[in-house]
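Chemist: below: sequence and its predicted model.
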Amino acid sequence: MPIAIRLTRPHGFVDADGRRHHWHAGYTVSDSDEVELLVSRGAAHTVISD
């Protein structure tokens, strides 16, 4: 799993509890749980750090 990613397109979803989650294109993510969530959900991204 990458250490950090940058989203190349906006990504969002509504979770099972009805909460909306959204990230803008260009957003840099380095929190390991958030990186794993976004990668597993197919968010378009580039790897900043392995």
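Modeler: Thanks, I have it.
Chemist: residue 17 versus the most centrally placed residue in the chain, what's the distance?
Modeler: Against the mean C-alpha coordinate of the chain, by CA atoms, centre = their mean, the closest residue is residue 38 at 3.2 Å. Counting by CB to CB, to the nearest Å, the gap from residue 38 to residue 17 is 19 Å. C-beta: built from backbone N, CA, C; applies to glycine.
Chemist: doesn't residue 34 lie inside a strand?
Modeler: No: looking at residue 34 with DSSP: H, G, I helix; E, B strand; the rest coil, it is helix, so not inside a strand.
Chemist: what number of residues lie near it?
Modeler: Using other CB atoms under 10 Å, residue 34 has 14 neighbouring residues.
Chemist: before we move on, what about residue 11?
Modeler: 19.
Chemist: got the phi and psi for it?
Modeler: phi -140, psi 140 (degrees, to the nearest 10).
Chemist: and the nearest residue to residue 9 once chain neighbours are set aside, what does it touch?
Modeler: Nearest-residue entry for residue 9: residue 44, 4.2 Å, with adjacent residues in sequence omitted and distances by CB to CB, 6 or more residues apart in numbering. By CB atoms under 8 Å, 6 or more residues apart in numbering, the contact set of residue 44 is 7, 8, 9, 11.
Chemist: in this protein, which spans are strands?
Modeler: Remark: strands assigned in the chain by DSSP state E are 4-7, 11-14, 20-23, 28-29, 45-49.
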